[in-house]
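Q: please find the sequence and the predicted model below.
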Amino acid sequence: MQHIPMTREEMKARGWDQLDVILITGDAYVDHPSFGVAIIARVLEAKGFKAGVISQPDWKNPEEITKLGKPKLFFGITAGNVDSLVANYTASRKKRKRDDYTPGGFGGKRPDRATIVYSNLVRSVFKDVPIILGGIEASLRRFAHYDWWSNRVRKPVLVDSKADLIAYGMAEKSIIKIAEKLRDTGEIPKDIPGTVYWSSKKPESGIELPSYDEVSSDRYAYLQAFKILYRETDPVNGRVIYQRQDTRYVIQNPPVLSTTEELDWVYSLPYTRKVHPHCLKKGHVKALETVKFSITSHRGCYGECNFCALTLHQGKYIVSRSEKSIIKETRRLTKDPDFKGVITDVGGPTANMYGYDCEKKHKHGACKDKRCLLPHVCPALKVDHSRYLNLLRKLRNLKGVKHVFVSSGIRYDLILADKKHGREFLRELVLYHVSGQLKIAPEHISARVLRLMGKPGKDVLDRFIKEFERVKGNKKIYLIGYFIAAHPGSTVEDMKKLKRYAIRKMGYKPQQVQIFTPTPATLSTAMYYTELDPETGENIFVEKTKKEGNCRR
């Protein structure tokens, strides 16, 4: 398997004088399907485009952008797998000293707001080359958004970056169409699903969001804009949405939804699953450790936790890979010289959503007035763990496989809702697929806070704890819960009650407690900024001081 070129020498070895596409990333270049830039590079290559990668360029040196020359079609820019501000700062706004996505683990190798910085760096050197933004940082900043690090509402990332398009979400389908259109016509496309673009003309149809001026000065307008964005980001029934910025408009086409066959193809491409040699010379990349021998079984999540950006990034539609594709990938892993027989994960955003989803949603679009799992699991969602169970059984019986772990999140409300296979799944999960601890994420126990989080009630957790104790029997395995402190609506007294509950019901003092960080494009961040309950419009308590947040933790 050949590496994607990172140097002129590698281009020359392939007989290439010029690349079609140059991808710039804030991470080390790791040729693994858990890294977005690797997927984009490989799908472009598979479609006949010449792609190269520039990893973590020195943003103070314009010559860094010229090392692979000028691309024929476009520069693709991503901050990396993680938002650059999340990568660079803790929840207490302290500068991080380490970065797991950087060779050697050194911090400070990517700039704050890397998408904007890299884009402006490219524009300073190449005035006429199209710039396409992608990745989670750009995707979640596609409209005016509250920026916690500067404590203000910022304009859409297209404004500050001077880029031409955003390919938001899981962008491999969009990026192929963009590349084909630029190759065939030389024009920047404005009609591709899953993209955001500029225009001086107001769209003839669609939904207009409150403008930047409105959302930056009126908290009710901000909340309204976010709720429209959330509702209309739907690949089946979503409409074009747009927002005025001065004299121009930022316009979002509805998202794109992949098929099982398309996902199977994406994950069949010839990834080396290694750090590119050019980056490896600078040091080990820790972020690869936990995912090197992991397998993505599906995309999407209909959990819709309010503090999570997945709904606006991957979407709330489950698209599962075929069993055949996953087994084939596993067999490839067993032939890797570094493989020791352990698959570290088979899952997605939520592991036990593999293999089923609401059929009505895929046909007519997501419900506008209710959620799949709240206030309880919707009867239209036929929860069925049988496909996931059968997949895990087949994987752990493959030659060369000793253990198959499930490290992705588990929704315990789905286990309880599956009357036919739920207990069987939990039993095999405990018996074969976790080691010592089963980790779940109840996040809180206060009914008020759980509603604001979009999480199931404490009664569901109580029922699951009883079921877990019944199923595990004498096996020495423990239930570990993840919790969030200082979420909008949460008080110090709420956290004290949570601590007492964990000690009494789960048998330990909570250690896995995360301070809520308001990242763009989540409903919880909208609550944090506006201090409003999105359902009632009433004021809610929001802790905004570092000292109090740390105390609650």
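A: It's in.
Q: where along the stretch 101-250 of the chain do the strands fall?
A: Taking DSSP state E, counting those that start in this stretch as the test, the strands found in the stretch 101-250 of the chain are 131-133, 145-147, 152-154, 165-167, 195-199, 207-208, 241-245, 248-252.
Q: could you check how far the residue lying farthest from the centre of the chain is from residue 430?
A: Here the chain has its C-alpha centre computed as a mean, and the residue farthest from that point, by Cα atoms, centre = their mean, is residue 474 with 37.1 Å. Look at residue 474 and residue 430: by Cβ to Cβ, to the nearest Å, they are 12 Å apart. Backbone N, C-alpha and C define where each C-beta goes, glycine included.
Q: same thing with residue 488?
A: Summarising the geometry, the distance separating residue 488 from residue 430, computed by Cβ to Cβ, is 34 Å.
Q: so for the two, which sits in the more crowded spot?
A: Set residue 488 next to residue 430 and count neighbours by other Cβ atoms under 10 Å: residue 488 wins out with 28 against 17.
Q: the more buried one against residue 528, yeah?
A: Yes - contact status for residue 488 versus residue 528: in contact at 5.1 Å, counting by Cβ atoms under 8 Å.
Q: now the common contact residues for those two.
A: When contacts are counted by Cβ atoms under 8 Å, 6 or more residues apart in numbering, residue 488 and residue 528 are jointly contacted by 516, 542.
Q: let's have the strands of the stretch 101-250 of the chain in CSV, adding distance to residue 402.
A: CSV is the format used below for those (distance: least, Cβ to Cβ, whole Å):
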stretch, distance to residue 402
strand 131-133, 42
strand 145-147, 45
strand 152-154, 49
strand 165-167, 39
strand 195-199, 44
strand 207-208, 52
strand 241-245, 49
strand 248-252, 46
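Q: for those strands, which one sits closest to residue 369?
A: With respect to residue 369, and counting by Cβ to Cβ, the nearest of these is strand 207-208 at 16.5 Å.
Q: show me what that closest one is packed against.
A: When contacts are defined as 3 or more Cβ pairs under 8 Å, 6 or more residues apart in numbering; DSSP states H and E, strand 207-208 sits against strand 241-245.
Q: partners of the strand it packs on, with directions?
A: Sheet pairing of strand 241-245 (DSSP bridges) gives strand 207-208 (parallel), strand 248-252 (antiparallel).
Q: how about stretch 353-373: buried residues?
A: 353-358, 361, 366, 371-373 (16 or more other Cβ atoms under 10 Å).
Q: what about those, which are in helices?
A: Applying DSSP state H to these, the entries found in helices are residue 361.
Q: quick one on the thing from earlier: name the SS class of the residue farthest from the centre of the chain, please.
A: Secondary structure, DSSP: H, G, I helix; E, B strand; the rest coil: residue 474 is coil.
Q: phi and psi next, for it.
A: Comment: the main-chain dihedrals of residue 474 come out as phi -90, psi 0, following degrees, to the nearest 10.
Q: possible to save the buried residues of stretch 353-373 as CSV with pLDDT and distance to residue 295?
A: Compiled in CSV, the buried residues of stretch 353-373 are given as follows (pLDDT from 0 to 100; distance: Cβ to Cβ, whole Å):
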residue, pLDDT, distance to residue 295
353, 99, 15
354, 99, 11
355, 98, 14
356, 98, 18
357, 97, 19
358, 97, 25
361, 97, 25
366, 96, 27
371, 96, 28
372, 97, 25
373, 98, 25
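Q: list the contacts of the spatially most central residue of the chain.
A: Centroid-nearest residue in the chain: residue 310, 5.4 Å away (criterion: Cα atoms, centre = their mean). Residue 310 makes contact with 300-301, 303, 316, 349, according to Cβ under 8 Å, 6+ apart.
Q: again, but for residue 139
A: Contacts for residue 139 were tallied using Cβ under 8 Å, 6+ apart; they are 166, 168-169, 312-313, 521.
Q: sitting in helices, which of those residues do you find?
A: 312-313.
Q: any idea which of the contacts of residue 139 is closest to residue 136?
A: Scanning the contacts of residue 139 for proximity to residue 136, where the rule is Cβ to Cβ, the winner is residue 313, at 5.9 Å.
Q: who's in contact with that closest one?
A: Under the contact definition (Cβ under 8 Å, 6+ apart), the residues listed for residue 313 are 136, 139-140, 168-170, 521.
Q: make it 10 Å
A: Applying Cβ atoms under 10 Å, 6 or more residues apart in numbering, one finds that residue 313 lies in contact with 135-136, 139-140, 168-170, 233, 255, 299-301, 349, 521.
Q: same list (the residues you listed) but as JSON lines, adding pLDDT.
A: As requested, those are exported to JSON lines (pLDDT from 0 to 100):
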{"residue": "135", "pLDDT": "98"}
{"residue": "136", "pLDDT": "98"}
{"residue": "139", "pLDDT": "98"}
{"residue": "140", "pLDDT": "98"}
{"residue": "168", "pLDDT": "98"}
{"residue": "169", "pLDDT": "97"}
{"residue": "170", "pLDDT": "96"}
{"residue": "233", "pLDDT": "96"}
{"residue": "255", "pLDDT": "98"}
{"residue": "299", "pLDDT": "98"}
{"residue": "300", "pLDDT": "98"}
{"residue": "301", "pLDDT": "98"}
{"residue": "349", "pLDDT": "97"}
{"residue": "521", "pLDDT": "96"}
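Q: which among those end up buried?
A: Looking at these with 16+ other Cβ under 10 Å, the buried ones turn out to be 135-136, 139-140, 168-170, 233, 255, 299-301, 349, 521.
Q: can you list the weak-confidence ranges in this protein?
A: Residue ranges of the chain with pLDDT under 70: 546-553.
Q: can you rerun that using 90?
A: Along the chain, the model assigns pLDDT under 90 to residues 1-2, 92, 368-369, 435-436, 473-476, 478, 499, 502-513, 544-553.
Q: related to what we said a few turns ago, out of the contacts of residue 310, who's nearest residue 238?
A: Nearest to residue 238, judged by Cβ to Cβ, of the contacts of residue 310 is residue 316 at 11.3 Å.
Q: could you find the closest non-adjacent residue to the closest one?
A: In space, residue 316 comes closest to residue 302 once its chain neighbours are excluded; the distance is 4.4 Å by Cβ to Cβ, 6 or more residues apart in numbering.
Q: is it fair to say the one you found lies in a strand?
A: No - going by three-state DSSP, the assignment for residue 302 is coil, not a strand.
Q: ok, it - contacts?
A: Applying Cβ under 10 Å, 6+ apart, the residues contacting residue 302 are 310-311, 315-318, 349-350, 353, 357-358, 361, 366, 371-373, 378, 381, 411, 414.
Q: rerun at 8 Å
A: Contacts for residue 302 were tallied using Cβ under 8 Å, 6+ apart; they are 316-318, 353, 357-358, 361, 371-373, 381.
Q: roughly how far does residue 214 sit from residue 63?
A: To residue 63, residue 214 is 42 Å away according to Cβ to Cβ.
Q: typed the wrong thing, it's residue 134
A: Here residue 134 is placed at a distance of 24 Å from residue 63 (Cβ to Cβ).
Q: strands of the stretch 251-400 of the chain, residue ranges please.
A: Counting by DSSP E, counting those that start in this stretch, the segments of the stretch 251-400 of the chain that form strands are 294-296, 298-299, 319-320, 342-343, 345-347.
Q: any idea which of these is most buried?
A: Highest mean neighbour count among the strands of the stretch 251-400 of the chain (mean count of other Cβ atoms under 10 Å): strand 298-299, with a mean of 24.
Q: residue 191 touches residue 240, doesn't it?
A: No - shown here, residue 191 and residue 240 do not form a contact pair, counting by Cβ under 8 Å, at 10.0 Å.
Q: tell me which of the two has more neighbours.
A: Each of residue 191 and residue 240 has its neighbours counted (other Cβ under 10 Å); residue 240 has more, 15 against 9.
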